[in-house]
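Chemist: Build me a structure from this.
(2 chains)
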Amino acid sequence: MASNPMQQFSVHKIGPEIKIAGIDLSFTNASLFMVISASIILLFLFFGSKEKKIIPNKIQLMAEMFYAFVAKMISDTAGSKAKPYFPFIFSLFMFVLFCNMVGMLPYSFTVTSHIIVTLIMALFIFIAVTIIGFIKHGFKYLSIFVPSGVPVVLLPLITIIEIISYLSRPVSLSVRLFANMMAGHTMLKVFGGFVISLGLLGGWLPLGFSVALTGLEILVAFLQAYVFAILTCIYLNDALNLHH
Amino acid sequence: MKRLLAFTIATLAIRNNLFAAEAGMPQLDPKYWASQAFWLILVFTILYISISKFYLPKIKNNLEDRENKIKKDIDDANKFKELSETRLKEYERILENAKKEVIKIHLESKNTLDKDIQKKKETIEKEIEKEISKAQKEIIELKKNSISEIQKISENIAASIIENISGDKLNESSIKATVEDVSKKTIGKYL
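Modeler: As a prediction, the model looks like this:
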């Protein structure tokens, strides 16, 4: 019968085992698809910036559109102070987007459907944003936990809630991306299984669903990359422009 | 009905299969966590460095170049527009001046022509008058002359007629007086 819908998420080793200081760092299918996604991005950008044309060709136009899209996203959410972080946000957005999109191809592997991958990215962002906040504002950065205009009676409660929400940022950021990607791909697999098991007579309905879901998943793949990047911008904005 | 039944059976089978899966979520198996973290950091670092060092500056330059080019082109276009407007104004001014000049020249030439014509007319009129008076004088003289001639001729004719008829020569002075008398009576008809 249908294979396990979670089978697609399993990681297996490719090539020889690499062990450094007792830790298994073997090249896996997850690593392979990270390399593939990064290579596609680099190839895309290479051809997108190869020719300097006043009237761009299609691929140059696409690269410039991505650039303008991310630049506008950053300037809208975090202002001009966030300009030095533009390359990082751009790389992050492109990496998550291309990992999601490459994962939409049949028989491929979705890098971002693994909690460890998204958690490392989210933790890096969280720690970096916190460090930036303390560098820019010193101990005044702690005032982010004390919103202005709150009655004194409510202040301790609000501060505790603010601290919890701040600390849960990496978890929410990583779980959002990971859960969306995993749920979508599992759904696709389940409906694909229905098509096979219901055969010629009843398989058409789940097949239609499968097609519709594929469209939806492409949307989700883009949307989640966008959300991941824009939330990073918002966190960065909190650290750069302390509201008071 | 058959299809619904088949659908239910299939759903149940897949759900059982899903829950019976031993591994559960492969994401929560920590066996390759270190490997994934290592490769993620490695790949992302390479990606970040190459994007921030090579590709983004290139794209940025490209966009700026285009913006500058567009700005320059627009500036140039505005400059040319202004230039053409000033040229047009100049042209219109020249045209206006030329029109004025044409009118002026036209008037002047008309005036001089009129004066010229007037002058010539006057001189010609004077000449004509002179000629007329001269001719009148001549006519009067001629008339006077012709009257005395006619008298002489008439005297001769009268003398010869009288001689032929009577055969006598009459006194010349009496003939002359008679002719003068007759001619004085009749000359009013001719003069």
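
Chemist: Quick one: the helices in chain A, in order.
Modeler: A:29-50, A:58-78, A:86-103, A:115-137, A:155-167, A:169-202, A:204-240 (DSSP state H).

Chemist: Would you mind saying which of those helices lies nearest residue B:79?
Modeler: helix A:58-78 (28.6 Å; C-beta to C-beta). C-beta coordinates here come from the backbone N, C-alpha and C atoms, glycine included.

Chemist: got the contact list for the closest one?
Modeler: For helix A:58-78, contacts defined as C-beta atoms under 8 Å, 6 or more residues apart in numbering or on different chains pick out A:44-45, A:47-51, A:53, A:56, A:82-83, A:85-86, A:89-90, A:93-94, A:226, A:229-230, A:233-234, A:236-237, A:240-241, B:55-56, B:59-60, B:62-63.

Chemist: Kindly recompute the last result at 7 Å.
Modeler: For helix A:58-78, the external contacting residues (C-beta atoms under 7 Å, 6 or more residues apart in numbering or on different chains) are A:44-45, A:47-49, A:51, A:53, A:56, A:82, A:86, A:89-90, A:93, A:229-230, A:233-234, A:236-237, A:240, B:59, B:63.

Chemist: just the buried members of those residues?
Modeler: A:44-45, A:48-49, A:56, A:82, A:86, A:89-90, A:93, A:229-230, A:233, A:236-237, A:240, B:59 (16 or more other C-beta atoms under 10 Å in any protein chain shown).

Chemist: Tell me who's in contact with residue A:13.
Modeler: Residues near residue A:13 by C-beta under 7 Å, 6+ apart: A:26, A:28.

Chemist: how much space is there between the nearest residue in space to residue A:52 that is not next to it in sequence and residue A:67?
Modeler: Among residues not flanking residue A:52 along the chain, residue B:62 sits closest, at 5.3 Å (C-beta to C-beta, 6 or more residues apart in numbering or on different chains). Distance, residue B:62 to residue A:67, using C-beta to C-beta, to the nearest Å: 9 Å.

Chemist: before we move on, what about residue A:53?
Modeler: In terms of C-beta to C-beta, residue A:53 sits 15 Å off from residue A:67.

Chemist: Where does the prediction get shaky in chain B?
Modeler: Across chain B, residues meeting the criterion (pLDDT under 70) sit at B:1-23, B:170, B:187-191.

Chemist: Which helix in it has the most residues?
Modeler: Secondary structure of chain B per DSSP H: the longest helix is helix B:56-166.

Chemist: now the angle from the helix or strand that that one is followed by to helix B:56-166?
Modeler: As assigned by DSSP states H and E, the chain's next helix or strand after helix B:56-166 is helix B:172-186. Per axes from the mean of the first three to the mean of the last three C-alpha atoms, to 10 degrees, the angle that helix B:172-186 makes with helix B:56-166 is 130 degrees.

Chemist: List the contacts of helix B:172-186.
Modeler: With C-beta under 7 Å, 6+ apart as the test, helix B:172-186 has contacts from B:151, B:154-155, B:158-159.

Chemist: what's the offset of it from the middle of its chain?
Modeler: Centroid separation between helix B:172-186 and its chain, computed with C-alpha atoms, centre = their mean, to the nearest Å, is 86 Å.

Chemist: For residue A:20, the count of nearby residues, please.
Modeler: 9 (other C-beta atoms under 10 Å in any protein chain shown).

Chemist: Equivalent analysis for residue B:46, please.
Modeler: By other C-beta under 10 Å, the residues close to residue B:46 number 13.

Chemist: so who does it touch?
Modeler: Applying C-beta under 7 Å, 6+ apart, we find residue B:46 in contact with residue A:38.

Chemist: what's the neighbour count on residue A:88?
Modeler: Residue A:88 has 19 nearby residues by other C-beta under 10 Å.

Chemist: Look up phi and psi at residue A:54.
Modeler: Backbone geometry at residue A:54, expressed as degrees, to the nearest 10, gives phi -70, psi -40.

Chemist: Could you check the pLDDT of it?
Modeler: Per-residue pLDDT puts residue A:54 at 76.

Chemist: I'd assumed residue B:66 was in contact with it.
Modeler: Yes: with contact defined as C-beta atoms under 7 Å, residue A:54 counts as touching residue B:66 (5.8 Å).
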